[in-house]
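1. Sequence and predicted model, in that order:
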Amino acid sequence: MSREVPPAPLWHLYLLETARGALYTGITTDVTRRLAEHRAGRGAKALRGRGPLRLVHHEAVGTQGEALRLEAALKRLSASGKREWIARRSTSPR
């Protein structure tokens, strides 16, 4: 008797922009659900009261570990560095 192993979820990286222009970086398996949580005030405390929130970038990354590593790398960038990274990603094919 063989059991099928369910596929691992696909993780996504996303960047949100607050009303004042600050950028927030996060990871999730469901970008639509996570954005709704943030907008409803049930997401990260750092974003509560900072709306409206705008999704400025999201992309499928792969495993949770890959998503965590990319998120950590982006969080080390300055705001201008993040904006440059977004601009490069949106103009180059993936």
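-> Noted; the coordinates are in hand.
2. all helices of this protein, in order?
-> For the chain, applying DSSP state H gives helices covering 31-39, 64-75, 79-91.
3. Quick check: buried residues in the longest one?
-> Buried residues in helix 79-91, defined by neighbour count with 16 or more other CB atoms under 10 Å: 82-83, 85-86. In this view, the C-beta of every residue, glycine as well, is placed from N, C-alpha and C.
4. Just the CA atoms of that helix, as PDB, please.
-> C-alpha atoms of helix 79-91 as PDB (Å, rounded to 0.1, in the frame of the first residue of the first chain):
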ATOM      1  CA  ALA A  79      14.700  51.200   1.700                       C
ATOM      2  CA  SER A  80      16.400  52.500  -1.400                       C
ATOM      3  CA  GLY A  81      18.200  49.100  -1.800                       C
ATOM      4  CA  LYS A  82      14.800  47.300  -1.600                       C
ATOM      5  CA  ARG A  83      13.300  49.700  -4.200                       C
ATOM      6  CA  GLU A  84      16.300  49.000  -6.500                       C
ATOM      7  CA  TRP A  85      15.900  45.300  -6.000                       C
ATOM      8  CA  ILE A  86      12.200  45.500  -6.900                       C
ATOM      9  CA  ALA A  87      13.000  47.500 -10.000                       C
ATOM     10  CA  ARG A  88      15.500  45.000 -11.200                       C
ATOM     11  CA  ARG A  89      13.100  42.100 -10.600                       C
ATOM     12  CA  SER A  90      10.200  43.700 -12.400                       C
ATOM     13  CA  THR A  91      12.300  44.500 -15.500                       C
END
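5. Compute the inter-axis angle for the longest strand seen in the chain and helix 64-75.
-> The single longest strand within the chain, with elements called by DSSP state E, is strand 54-62. Relative orientation of strand 54-62 versus helix 64-75 (axes from the mean of the first three to the mean of the last three CA atoms, to 10 degrees): 140 degrees.
6. Could you pull up the mean pLDDT of strand 54-62?
-> Summarised as a single mean, pLDDT over strand 54-62 is 96.
7. tell me the angle of that strand relative to helix 31-39?
-> With the same axes, to 10 degrees defining the directions, strand 54-62 sits at 140 degrees from helix 31-39.
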